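[1] build me a model:
(one chain, ligands or ions: 1)
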Amino acid sequence: MAGRLIVVSNRIPTDSAPSGGLVVALHDALKARGGIWIGNSGKVTDSPAEGLTPIADEPYRRRSFDLTPAEHKGFYLDYANSTLWPLFHHRADLMTLDQDAARTYWEVNRKVARLIAAEAGPDDMIWVHDYHFLPLARALRLEGVENRVGFFLHIPFPNVSDVPALPENKYLPEWVAAYDLVGLQTVRDVSAAINVLRENGAEMLLKGRMKFRDRQFRLASFPIGIDVDDFAEAADAAGDADRTLRLDPGEKLVLGVDRLDYSKGIPNRFAAFGEFLRTGQPDEPRATLLQIAPPSREDVEAYRDIREELEEMAGRVNGEHAELDWTPIRYIRKNIPREILAGLYRRADAMLVTPLADGMNLVAKEYVAAQDGADPGVLILSHFAGAAEQLDAALMVNPYDIGDTSRAIRAALSMPEHERIARHLSLIAAIREHDIDWWTTTYLDALATAGTI
Ligand code: GDG
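    Presented below is the predicted three-dimensional model:
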């Protein structure tokens with residue numbers, strides 16, 4: 001019997017419309033091919049259910065596990081999101097280090113490994129996602145699981161100079177080497193990973209293969225994509241955004257859509273928009289920045305800090321530039337339904353995607369998919385988004401350079417139609433070539449043959 005696909009990630013979709021890059025992408029992937037998705041139920045309880053709890057059987061099987069309050073804190077809030085997330089986004093200065101959290105992280109990985117070992121048949125392929133489960137394959141091997149196990153890291157790989165800041169850095173090579181295939185978002189991440197692993201005793205073989213002690217594994221980039229037609233249809237079906245926003249049809253709209261996270265460069269963006277307004281000419285049409293930023297990880301201190309910083313900045317820019325009938329920055333800290341979001345993308349004359357570090361950034365791709373090809377808007381994209389490797393027809397910016405970003409906003413809003421169309425054609429071709437089906441198929445084919453070629 002052909003083996004099944006077992007996907008493991010921290011979050012699994014509940015019955016509401018999925019949001020968050022990883023969940024959106026995997027939902028699309030599993031919807032098409034079936035399988036089992038195992039993840040955290042989101043339930044924090046003193047008496048977790050034993051084994052896996054069925055959540056749904058259609059359109060694919062979903063099974064969850066619970067965490068105790070101590071596990072939720074040590075594994076999720078502290079180690080995954082306060083130690084690994086900042087380190088992997090080149091913000092070692094924001095890391096909190098705690099030995100108990102490191103131990104809990106490993107113990108939760110062992111617990112999840114035992115649940116998977118009980119579920120997996122000998123021919124099943126296991127596909128593990130993201131930084132919550134870096135050591136999962138190592139833990140699975142300790143349970144005697146010899147199946148093919150692949151890993152995909154959705155966020156950037158840390159720089160070789162930052163890795164020593166992680167007290168557990170000596171375990172990294174054995175965690176990674178326990179996988180058969182390690183997928184990263186970009187070529188830049190693959191080189192970072194090779195550097196880190198070589199520095200820590202792994203040996204480079206041919207064709208992207210590496211060796212650490214008795215294990216061989218492969219590293220390669222698989223840039224994640226979106227379901228382009230699905231997003232384009234959502235934008236077609238969306239209602240009149242001018243009415244939703246109460247905007248005049250001629251008014252320029254600049255859009256930002258990000259989880260409220262310090263890696264997304266939202267303060268730099270507000271500063272750049274402030275600079276754009278400050279240097280504005282009297283004959284320029286009025287432009288509004290609409291920033292949608294659903295809250296994220298609010299139990300982590302660094303996320304409360306960024307929230308306060310943004311409120312203060314939006315207040316300052318608005319205080320300086322607002323008129324009786326106009327608020328320059330409209331800052332919305334809540335989740336907006338996808339149908340409305342797609343209409344906002346379509347309406348926006350320019351989209352600001354300005355992360356300081358980002359694995360890929362699906363928002364950039366969704367914006368391109370949502371455009372009307374006859375009158376497309378302009379994508380302004382940070383060099384530091386993984387998407388920059390593919391979307392070089394965007395207006396590329398250095399998000400640290402406020403002047404550069406401000407000039408890009410002006411260039412986008414005054415770009416002639418023929419240039420907008422030419423750039424859009426190139427961008428849409430890029431996102432169609434590497435869409436979500438390409439990502440899933442290419443990764444899973446590579447996992448199925450890992451070790452044999
Ligand atoms: C991680 C990596 C990588 C956002 N606000 C709303 C909303 N969203 C949706 C977007 C998009 C998703 O959430 C965000 O995806 P991103 O890729 O931009 O960013 P992360 O959440 O940080 O994802 C990232 C990704 O994993 C996949 O590998 O690209 O680099 O950090 O789909 O549309 N959706 C709705 N309302 C909102 O207010 N409905």
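[2] domain assignment for the chain?
    As given by automatic domain parsing, the domain ranges for the chain are 5-225+436-448, 228-433.
[3] ok, residue 441 - how many residues close by?
    13 (other Cβ atoms under 10 Å). (C-beta placed from N, C-alpha, C; glycine too.)
[4] oh, that last question was meant for residue 201, not what I typed.
    For residue 201, the count of nearby residues is 13 (other Cβ under 10 Å).
[5] residue 372 too?
    By other Cβ under 10 Å, 13 other residues sit near residue 372.
[6] confirm that it sits in a strand.
    No - secondary structure of residue 372 (DSSP: H, G, I helix; E, B strand; the rest coil): coil, not part of a strand.
[7] distance check, it against residue 345.
    11 Å (Cβ to Cβ, to the nearest Å).
[8] what about the helices in the stretch 201-350 of the chain?
    Ranges of helices in the stretch 201-350 of the chain, per DSSP state H, counting those that start in this stretch, are 228-237, 241-245, 266-278, 301-321, 338-347.
[9] pretty sure residue 255 sits against residue 345.
    Yes - if you go by Cβ atoms under 8 Å, residue 255 and residue 345 touch, sitting 6.8 Å apart.
[10] where do the contact lists of those two overlap?
    Both residue 255 and residue 345 are contacted by 351, 367, under the criterion Cβ atoms under 8 Å, 6 or more residues apart in numbering.
[11] what residues are up against residue 314?
    Going by Cβ under 8 Å, 6+ apart, the list of residues near residue 314 reads 270, 291, 329, 331.
[12] for residue 92, same thing?
    Counting by Cβ under 8 Å, 6+ apart, residue 92 makes contact with 86, 162, 165.
[13] tell me the pLDDT of whichever residue of the stretch 51-200 of the chain sits closest to the ligand.
    The ligand sits closest to residue 154 of the stretch 51-200 of the chain, with a gap of 3.6 Å, by Cβ to the nearest ligand atom. We have a pLDDT of 95 for residue 154.
[14] so what's the residue count around it?
    When neighbours are defined as other Cβ under 10 Å, residue 154 has 23 of them.
[15] circling back to that earlier point, residue 141: which of the contacts of residue 314 is nearest?
    The closest of the contacts of residue 314 to residue 141 turns out to be residue 291 (Cβ to Cβ; 44.7 Å).
[16] verify the contact between that closest one and residue 332 for me.
    Yes - counting by Cβ under 8 Å, residue 291 does reach residue 332; the two are 6.8 Å apart.
[17] the more surrounded of those two?
    Between residue 291 and residue 332, counting by other Cβ under 10 Å, residue 291 is the more crowded of the two (22 against 12).
[18] not counting sequence-adjacent ones, nearest residue to the more buried one?
    Closest residue to residue 291 apart from its sequence neighbours, by Cβ to Cβ, 6 or more residues apart in numbering: residue 256 at 4.3 Å.
[19] confirm that the residue of the stretch 51-200 of the chain closest to the ligand sits in a helix.
    No - looking at residue 154 with three-state DSSP, it is coil, so not inside a helix.
[20] and residue 449, how many neighbours?
    13.
[21] roughly how far does it sit from residue 181?
    From residue 449 to residue 181 the distance is 9 Å (Cβ to Cβ).
[22] one more: residue 312?
    Distance from residue 312 to residue 181, by Cβ to Cβ: 45 Å.
[23] between those two, which one's more packed in?
    A side-by-side neighbour count of residue 312 and residue 181, using other Cβ under 10 Å, places residue 181 first with 25 against 12.
[24] mind listing what that one touches?
    Per Cβ under 8 Å, 6+ apart, neighbours of residue 181: 148, 150, 151, 217, 218, 220, 443, 446, 447, 450.
[25] the fourth one and residue 316, how far apart?
    This points to residue 217. Distance, residue 217 to residue 316, by Cβ to Cβ: 50 Å.
[26] between those two, who's got more neighbours?
    Legend: neighbour count by other Cβ under 10 Å for residue 217 and residue 316, higher for residue 217 (25 against 14).
[27] thinking the residue nearest to residue 291 is in contact with residue 290, fair?
    Yes - using Cβ under 8 Å, residue 256 is in contact with residue 290, at 7.3 Å.
[28] quick one, which of these two is more surrounded?
    A side-by-side neighbour count of residue 256 and residue 290, using other Cβ under 10 Å, places residue 256 first with 25 against 20.
[29] get me the contact residues on the stretch 151-300 of the chain for the ligand.
    Within the stretch 151-300 of the chain, the residues that sit near the ligand (Cβ under 6 Å from any ligand atom) are 154, 155, 224, 257, 259, 292, 294.
[30] make it 5 Å
    Contacts of the stretch 151-300 of the chain with the ligand, taken as Cβ under 5 Å from any ligand atom, map to 154, 224, 259, 292, 294.
[31] next step: these restricted to strands.
    residue 292 (DSSP state E).
[32] ok, and the most crowded of the residues of the stretch 151-300 of the chain next to the ligand?
    Counting neighbours by other Cβ under 10 Å, residue 224 comes out on top of these with 28 neighbours.
[33] perfect, that will be all.
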